[in-house]
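Enquirer: Build me a structure from this.
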Amino acid sequence: TPAVGAAPPARVPIGQLLGSVVLPGLATLRRRPVLGLACLLAGVVAPIVLGFWALANRDRIIGFALDPQFLTLLTWLGVVVVLSRLVAVAEVWYAHRTARGVGGWLALALAMVAVLAVPVGVLTLRANDARRIVGDVFADRDGPALFTPDDQVVDADGVTTVLLLGTDAGPGRWGARTDTMILVSIDRASGRAALVSVPRNLTRLRFPPGTPLADEFPNGFDDLANAVFTHVNTRPELVEYYGASGLQPEAVALTGAIGYSLGVEIDDFALVNIKGFADVVDAIGGVTVELDSSVPLPPSLADEEPVPASIGPGVVELDGALAVAFARTRSADSDYQRMGRQRQLLAALGSQVSVTDAVSAFGTVTGALDDSMRTSLSSGGFDTLLTVLGDSGAIVESVGLTPPLIEPGNPDYDQIRSIVDAVQEAIATGTPSGYSN
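Expert: Alright, predicted model coming up:
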C-alpha cells in the first residue's frame, strides 16, 4: 500500500509503446518535437510517398527497379523504416522508464519491430543484391554511339538502334556463336520501331577501316557472321583491343562489323545467353504465341527439361524451355523462318510481361541476368527498349534479310544498305518500306 501523500505509481504507456511501432514519432511529438517529426517522416511519410509515386509511375517501374540510384534509395529507406521505430520505442521507454512493468511492454514492442524488420530486411537485401547485379550487367555510360558510319544516308540523330545478340552458350559463357542478331531501331520522335534480323550465315562481313579485324580480313570475314564472336574470343590481342572500353569485346567487334557492313549507326548492344533467356521466361510466368501451323522442335538443351516433338497450331503457352526451342528450331523450315519466329517471340515477350509479373519475379530475373546478359545500355536505356518492345503498335517494320530479298552467301552490301536505310526512313516518316516480311 502506498504511503499517505506518496505519488501514485506511474502508469505503463502501453498505447505509446505499441503505437510507436505503427506510427513512430507520434507519441514523441509533445516531448521532443524535432525527433518525433523526424521519426514520422522517415518511418511513415517516406514509404507512403514512395508507394504512391511507384503507383503513379507503374508503367516505368521496371526501369526504376533497374536503376542503381533507386535501388540505393530503397536500401536506405528499408534501414530508416526500421530504425525510426526503434528510436521512437526507445524514446517512449526512456520517458516512462520508472513505470512499473514497462520492461515487459518494451519487450513486446521490440518484438513487433523485429517482426516488421524481417520482410523489410529481405527487401533491403534484395535491393542491395540487385544494385550489385545491375552494376555488372548494365553499363554506366552516356556516350556516343558504338559505331557511326561516315556515309550513312538516313539522319540517325533521331533514331536509336540497339543490336540484340543471342548465343547458345550457358550462363557465364560468352564465346559461343551468335545465332540471333536483331537490329532494333526506334524513332524517338514518333515511338515507331523496326526489327531487322541479320542472318547468321551472312558472309564476307566487313570491318571498319583501321581496326585489327579490317587489317586481318581486307576482303571481308572468311567465315559466317555468327563466327565473329568465337574468332575474337580466342585471340587475346583482339580481346584486349575491343575490350578497351570495358564492354564485352566480342560484342563490340560484331557491333562495328554489322554497323559498317549495313551502313547503320548502332548506339548499343544487348547480349543474352540463351539458357539465361529460358530462366527469365520461367521467372515471369511464360509467354504466349499464336501459331498458324505446327512447329517441329529440336531436342532440349543440356540440363533443360524435355520438350515435345512439336507445338501448335493455335495459341501455345511457352515456358522457358519451350521458348528456347521455339526460337532455336530450324527443323520446321529454315534459318530464315527461324529469324521470323525470334522476332515474333521478342515482340510477344515484350507485350505480355506485366509490371506485377516483373516486380514479383525481380530477384529471380536479376539473378538470371547476372549470369546471362551483358549490355552497353544503361538501365534507363534498357527500360526504354523494353517499353518499345512491349508496345505491339510500336513495331511497324519487321524485316528479315533473307532470300529472296538478299543472298547471304553472296551478299550485295550496297543493296543491303539501301534496305536498312528504307526501313529507318519508314519509322521516321510512317510510310511503309515495302520490305516487311
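Enquirer: Tell me where this protein has strands.
Expert: For the chain, the strands defined by DSSP state E cover 159-167, 178-187, 193-197, 268-273, 287-291, 295-296, 310-311, 314-318, 373-375, 395-400.
Enquirer: right, and those strands - which one's nearest residue 11?
Expert: strand 373-375 (60.0 Å; Cβ to Cβ). (C-beta placed from N, C-alpha, C; glycine too.)
Enquirer: What is the neighbour count of the residue lying closest to residue 246 once chain neighbours are set aside?
Expert: In space, and not counting its chain neighbours, residue 246 is closest to residue 139: 7.7 Å by Cβ to Cβ, 6 or more residues apart in numbering. Residue 139: 21 surrounding residues under other Cβ atoms under 10 Å.
Enquirer: Likewise for residue 344?
Expert: That count, for residue 344 with other Cβ under 10 Å as the rule, works out to 17.
Enquirer: rewinding a little: list phi and psi for the residue nearest to residue 246.
Expert: The main-chain torsion angles of residue 139 are listed as degrees, to the nearest 10 and equal phi -90, psi 150.
Enquirer: so where is the stretch 301-437 of the chain shaky, pLDDT-wise?
Expert: 301-304, 330-340, 342-343, 346-347, 349-371, 390-392 (pLDDT under 70).
Enquirer: Helices of that one, start to end?
Expert: Applying DSSP state H, counting those that start in this stretch to the stretch 301-437 of the chain gives helices spanning 320-328, 335-352, 355-360, 362-372, 379-389, 413-429.
Enquirer: can you tell me how far the residue most central in space within the chain sits from residue 109?
Expert: In the chain, the centroid-proximal residue (Cα atoms, centre = their mean) is residue 382; its distance is 5.9 Å. Residue 382 is 43 Å from residue 109, where distance means Cβ to Cβ, to the nearest Å.
Enquirer: CA atoms of stretch 116-130 as PDB?
Expert: Below are the C-alpha coordinates for stretch 116-130, written out as PDB (Å, rounded to 0.1, in the frame of the first residue of the first chain):
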ATOM      1  CA  LEU A 116       8.300  -5.900 -39.200                       C
ATOM      2  CA  ALA A 117      12.000  -5.900 -39.800                       C
ATOM      3  CA  VAL A 118      12.100  -9.400 -41.300                       C
ATOM      4  CA  PRO A 119      10.200  -8.600 -44.600                       C
ATOM      5  CA  VAL A 120      11.800  -5.100 -44.700                       C
ATOM      6  CA  GLY A 121      15.200  -6.700 -44.300                       C
ATOM      7  CA  VAL A 122      14.600  -9.200 -47.000                       C
ATOM      8  CA  LEU A 123      13.500  -6.400 -49.400                       C
ATOM      9  CA  THR A 124      16.500  -4.400 -48.400                       C
ATOM     10  CA  LEU A 125      18.900  -7.200 -49.000                       C
ATOM     11  CA  ARG A 126      17.300  -8.000 -52.400                       C
ATOM     12  CA  ALA A 127      17.600  -4.300 -53.400                       C
ATOM     13  CA  ASN A 128      21.300  -4.300 -52.400                       C
ATOM     14  CA  ASP A 129      22.000  -7.500 -54.300                       C
ATOM     15  CA  ALA A 130      20.100  -6.200 -57.300                       C
END
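Enquirer: dump the residue contacts of residue 401.
Expert: The contact partners of residue 401, by Cβ atoms under 8 Å, 6 or more residues apart in numbering, come to 196-199, 202, 408, 416, 419.
Enquirer: Filter those down to the buried ones, PyMOL style.
Expert: Buried subset of these, written as a PyMOL selection, criterion 16 or more other Cβ atoms under 10 Å:
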select buried, resi 196+197+198+199+202+408+416+419
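Enquirer: could you dump the contacts of residue 401 to JSON lines with distance to residue 132?
Expert: Below are the contacts of residue 401 laid out as JSON lines (distance: Cβ to Cβ, whole Å):
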{"residue": "196", "distance to residue 132": "34"}
{"residue": "197", "distance to residue 132": "34"}
{"residue": "198", "distance to residue 132": "33"}
{"residue": "199", "distance to residue 132": "37"}
{"residue": "202", "distance to residue 132": "37"}
{"residue": "408", "distance to residue 132": "41"}
{"residue": "416", "distance to residue 132": "41"}
{"residue": "419", "distance to residue 132": "42"}
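Enquirer: With adjacent residues omitted, what lies nearest to residue 345?
Expert: residue 327 is the one closest to residue 345 (Cβ to Cβ, 6+ apart), at 5.5 Å.
Enquirer: separation between the one you found and residue 162?
Expert: Distance from residue 327 to residue 162, by Cβ to Cβ: 18 Å.
Enquirer: just residue 329 next, same as before
Expert: 25 Å.
Enquirer: what about the two, which has more around it?
Expert: When neighbours are counted by other Cβ under 10 Å, residue 329 and residue 162 differ, and residue 162 comes out ahead with 25 against 19.
Enquirer: Enumerate every residue touching the more buried one.
Expert: 183-184, 186, 266-270, 377, 381, 385.
Enquirer: could you dump these to a markdown table with neighbour count and distance to residue 221?
Expert: As requested, those are exported to a markdown table (neighbours: other Cβ atoms under 10 Å; distance: Cβ to Cβ, whole Å):
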| residue | neighbour count | distance to residue 221 |
| --- | --- | --- |
| 183 | 23 | 18 |
| 184 | 21 | 23 |
| 186 | 24 | 28 |
| 266 | 25 | 17 |
| 267 | 23 | 23 |
| 268 | 24 | 22 |
| 269 | 26 | 18 |
| 270 | 22 | 22 |
| 377 | 22 | 26 |
| 381 | 21 | 28 |
| 385 | 22 | 27 |
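Enquirer: which helices and strands sit right next to whichever helix in the chain runs longest?
Expert: The helix spanning the most residues in the chain, taking DSSP state H as the definition, is helix 102-137. Counting contacts by 3 or more Cβ pairs under 8 Å, 6 or more residues apart in numbering; DSSP states H and E, helix 102-137 packs against helix 14-22, helix 68-95, helix 362-372, strand 373-375.
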